[in-house]
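A.B. asks: One predicted model, sequence on top.
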Amino acid sequence: MSCACKNPFNHDLATENTPMVNVQIDGEWVQVPKGMNIVAAAERFSKFIPHYCYHPKLSVVGNCRMCLVEMGTPKMDANRQPILAADGKPEIGWMPRPQIGCATQVSEGMGIRTNSPLVQECRKGVMEFLLINHPLDCPICDQAGECKLQEYSFEHGQSNSRFIEEKVTKPKNVDIGERIVLDDERCIMCSRCIRFSKEFAQDDVLGFTQRGSHTTLAVYPGKRLDNNYSLNTVDICPVGALTSKDFRFKMRVWFLKETKSICTGCSTGCNVLIGSRESEVHRLTPRENEEVNSLWMCDQGRLGFHEIHDENRLTTPLIHGVKSDWNTAITQLAHQLQGFKPEQIAIIASARMTNEELFLLSGLRKALGGESILCDIISRTGVADGILRSADLNPNTHGAQLLGIANSGKLEEIRSGVTKGSIQALLIFNETPGEAGISLESLKKTALVVNLGMRLNGLAHYNLPSSSFAEKRGTMINGKGRLQRLNRALSAPGQSRDDWEIIRDLKAAVGGGNGIHTVEEAFKAMANVVPAFKDLTIHKVGDLGIDLTLSNSLV
Amino acid sequence: MSCEVKVSKEFESKVDETITHYPVSKRSASLPLLHLWQEEFGYVSNQGVEWIAAKLDLQPINVYELVTFYPMFREQPAGKIQFRVCRTLSCALAGGYELFDHLKKNCKIEGDGHHGPAVSPEGKYSIEFVECLASCGTGPVLMVNDDFYEQVSNDKANELVKKYG
């Protein structure tokens, strides 16, 4: 299995055609791919070997010593053939000393003990050393609750300390980057962040200075850890040494509800966990998906959620700037829309909308007059960085094309139609006229302007508050043709509603209902008519998504 | 703090020649180059770190790690006359620390000299502790610049200060 995202290493994935070898793990003979390291091999059989410095996607350095295990190789007879025990399995000659699991590769007939008395003693010893200089400021540490030092202390540490000397003091609250703060006293010198920056982010600015008892993680004087992947170092830091300026001191992690979703910052569609408490999102963290983003995401995508909690967010339906209610707004709007000829109506939609929303929108377009209504999305192009960020900054361009909402060149026609005055009713979904290149003057001339979104459009006659990506369920197709699922982490504020509900209601008011009451039903209705979604349901999309290029007609 | 120095052609060709000694990995030339730089310019400034890193296709942090690890590399200029006093066991027993304090007072040097040299205010003298200089029978021993002296009493130390100063 290969990873879509370029990891420097994939210790946990065996390449195809790797031969299997027989290995005894804790007394049981199993088969694992040859050459896999012991930590990754044991994990395949639910044997967790604690570790700090080892990371499946980074080079192995073997400096934390936490993954010590006992190992042995088959005893050989005079002809270099393994001596077999009574059960027909090789007899193992155990090494007298422990070995580090991360840097030891499995071989035929190898024996591994992941939890023997010797191994337990080793872990206890390593934990004691690691805690000697650690500040133990867990009550105010952001890592508390997801700290490997805490977890392994609980499992493998001892309750009393024999340490009576003075702790080594090191720099605290060091500003090493735009988004990162470092506490050197908490650092256990695993070097994951150094390796990540060098090997994955290609930004080799971190290193250990003053090696010895004062080893200090530092950036080179005058340099900063500012690359667009810097916050991943906070994720992989096993302790609270590297913290995110955006998240630090905001929330205890155990209060966070984690919702599986995807990032909508670009067409890569990195899988994420939305960490929210009650009605507030506190952070996004990457969620493992080897087909998309492996274990990472970019800082831009990670911090993009703040617009959800913009204090100026639109939360009440407004008619001509006056607060209204949904019933009135939808009924009046539908009535007004019916007064226009199809040629006078135009729709500017967004490829940031879900497939379900876009599908229902195409239904609304049909109800209002079909193909003669100009309809397009606003494309957004950035620069692909060759790592995770795509050039297409819209998360669902494929979906918009597939559902007939994106019609290349039509945006230009809409723009000139609005300028000329031939378009008299403009419906804008989750976009702004400015981004569509429509001037305020021409917008002012337009008889009916409808704005559905999270932000107020002062010139719109109808402002309909909708939901952010964290407040909705639905699907999107990423740039590589992978159908993925968004899940709702929190409810939309005030009277804001799900986009698909608003569009469905508007469609029902214009041209009658369609019996769709849930997102699942919207998907089902879509799957019935769009071949690319044939035989699929939202449930089948699953947490990791489905590659539509494999099975269906998406190109 | 540290000012830019001009790297001469001769120095650069010496460096380039040194790099050829490490055909497998240029990175291995890091330490020899740091030594060359310090010999030439007296200490390894950030300019030196960056210059060497560029020479070896490394990032500055890779070279900086070495500078901060090895006590023999200085990030600040030392004095014109450098005292290196042994503090390892035999010399310590024979009065190495007393000798150190005496010299410090004599040369009006502040700072402890435990981690890198302590320099007198006018920059003339510097003093630092070093580990064993391999003459344990004749302690306390010290080095003045590149010269070695044994059984250095306070009086002998005064003479040395005069001699070099």
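C.D. replies: Okay, I see it.
A.B. asks: and the residue lying closest to residue A:250 once chain neighbours are set aside, what does it touch?
C.D. replies: The shortest distance from residue A:250 to any non-neighbouring residue, by C-beta to C-beta, 6 or more residues apart in numbering or on different chains, is to residue A:282 (5.6 Å). Placement of C-beta: from N, CA and C, glycine included. Residues counted as contacts of residue A:282 (C-beta atoms under 8 Å, 6 or more residues apart in numbering or on different chains) are A:247, A:250-251, A:256, A:275-276.
A.B. asks: Please narrow the residues you listed to those residing in strands.
C.D. replies: When DSSP state E is applied, the contacts of residue A:282 are split such that A:275-276 fall in strands.
A.B. asks: Paired strands for whichever strand or helix holds the residue nearest to residue A:250, with orientation please.
C.D. replies: Assigned by DSSP states H and E, residue A:282 belongs to strand A:280-286. Strand A:280-286 sits in its sheet next to strand A:271-277 (antiparallel), going by DSSP bridges.
A.B. asks: buried sites along the partner strand?
C.D. replies: Buried residues in strand A:271-277, counting neighbours by 16 or more other C-beta atoms under 10 Å in any protein chain shown, are found at A:271-276.
A.B. asks: now for the helix or strand in which residue B:13 is found, which elements pack on it?
C.D. replies: Residue B:13 belongs to helix B:9-19 when elements are defined using DSSP H and E. Helices and strands touching helix B:9-19, by 3 or more C-beta pairs under 8 Å, 6 or more residues apart in numbering or on different chains; DSSP states H and E, are helix B:30-41.
A.B. asks: any residue of the very next helix or strand once past the helix it packs on up close to chain A?
C.D. replies: Next helix or strand after helix B:30-41 toward the C-terminus (DSSP H and E): helix B:46-55. Yes - interface with chain A: helix B:46-55 contributes B:46, B:49 (C-beta under 8 Å from any C-beta of the partner chain).
A.B. asks: what are the ranges of the helices in the stretch 201-350 of chain A?
C.D. replies: Using DSSP state H, counting those that start in this stretch, the helices of the stretch 201-350 of chain A run over residues A:231-236, A:299-302, A:326-337.
A.B. asks: just chain B next, same as before
C.D. replies: B:9-19, B:30-41, B:46-55, B:60-69, B:89-94, B:96-106, B:154-164 (DSSP state H).
A.B. asks: any idea how far the fifth one is from the chain center?
C.D. replies: Relative to its chain's centre, helix B:89-94 lies at 22 Å (C-alpha atoms, centre = their mean, to the nearest Å).
A.B. asks: buried residues in it?
C.D. replies: Across helix B:89-94, burial judged by 16+ other C-beta under 10 Å covers B:90-92, B:94.
A.B. asks: residue farthest from the centroid of chain B?
C.D. replies: What lies farthest from the middle of chain B is residue B:24; by C-alpha atoms, centre = their mean that is 29.2 Å.
A.B. asks: Other residues contacting stretch A:541-553?
C.D. replies: By C-beta under 8 Å, 6+ apart, stretch A:541-553 touches A:260, A:269, A:271, A:287, A:289, A:291-292, A:475, A:477-478, A:480-485, A:531-534, A:536, A:540, A:554-555.
A.B. asks: ok, 6 Å please
C.D. replies: For stretch A:541-553, contacts defined as C-beta atoms under 6 Å, 6 or more residues apart in numbering or on different chains pick out A:260, A:289, A:475, A:481-485, A:531-532, A:554.
A.B. asks: got it, and stretch A:386-396?
C.D. replies: Residues from elsewhere that reach stretch A:386-396, judged by C-beta under 6 Å, 6+ apart: A:264, A:266-269, A:293, A:298, A:351-352, A:380-382, A:384, A:476, A:479.
A.B. asks: Out of those, give me the one that has the most neighbours.
C.D. replies: residue A:476 (30 neighbours; other C-beta atoms under 10 Å in any protein chain shown).
A.B. asks: Name the helix or strand for it, please.
C.D. replies: Assigned by DSSP H and E, residue A:476 belongs to strand A:474-477.
A.B. asks: After that strand, which helix or strand is next? Please name it.
C.D. replies: Using DSSP H and E, the next helix or strand after strand A:474-477 towards the C-terminus is strand A:482-486.
A.B. asks: What strands line up against that next one, and which way round?
C.D. replies: Within its sheet, and counting by DSSP bridges, strand A:482-486 is paired with strand A:474-477 (antiparallel), strand A:546-547 (antiparallel).
A.B. asks: And those, which one averages the lowest pLDDT?
C.D. replies: Of all the strands paired with strand A:482-486, the minimum mean pLDDT falls on strand A:546-547 (a mean of 94).
A.B. asks: Grab the nearest non-local neighbour of residue A:360.
C.D. replies: Distances taken as C-beta to C-beta, 6+ apart put residue A:503 closest to residue A:360, at 4.4 Å, once the chain neighbours are dropped.
A.B. asks: Please disregard the earlier target; I meant residue A:103.
C.D. replies: Spatially, and ignoring its direct neighbours in sequence, residue A:103 is nearest to residue A:62 (4.2 Å; C-beta to C-beta, 6+ apart).
A.B. asks: Which strand or helix spans the residue of the stretch 251-400 of chain A found nearest chain B?
C.D. replies: Nearest residue of the stretch 251-400 of chain A to chain B (C-beta to the nearest C-beta) works out as residue A:387 at 18.1 Å. Element membership of residue A:387 [criterion: DSSP H and E] is none; it lies in no helix or strand.
A.B. asks: who in chain A is up against chain B?
C.D. replies: Taking C-beta under 6 Å from any C-beta of the partner chain as the contact definition, chain A meets chain B at A:204-205, A:207-211, A:220-221.
A.B. asks: any chance of those residues in TSV, plus neighbour count and pLDDT?
C.D. replies: Below are the residues of chain A next to chain B laid out as TSV (neighbours: other C-beta atoms under 10 Å in any protein chain shown; pLDDT from 0 to 100):
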residue	neighbour count	pLDDT
A:204	19	96
A:205	23	97
A:207	24	98
A:208	19	97
A:209	19	96
A:210	15	94
A:211	15	94
A:220	22	96
A:221	13	94
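A.B. asks: Flag every buried residue along stretch B:27-43.
C.D. replies: Residues of stretch B:27-43 classed as buried by neighbour count (16+ other C-beta under 10 Å): B:29-30, B:33-34, B:36-38, B:41-43.
A.B. asks: Let me fix that, I meant to ask about stretch A:343-359.
C.D. replies: So for stretch A:343-359, counting by 16+ other C-beta under 10 Å, buried means A:344-359.
A.B. asks: what about it, start to end distance?
C.D. replies: 21 Å (C-alpha to C-alpha, to the nearest Å).
A.B. asks: number of nearby residues for residue A:294?
C.D. replies: Using other C-beta under 10 Å, residue A:294 has 23 neighbouring residues.
A.B. asks: how far is stretch A:444-460 from where the chain is centred?
C.D. replies: The chain centroid and the centroid of stretch A:444-460 are separated by 32 Å under C-alpha atoms, centre = their mean.
A.B. asks: do stretch A:19-31 as well
C.D. replies: On C-alpha atoms, centre = their mean, the centre of stretch A:19-31 falls 34 Å from that of its chain.
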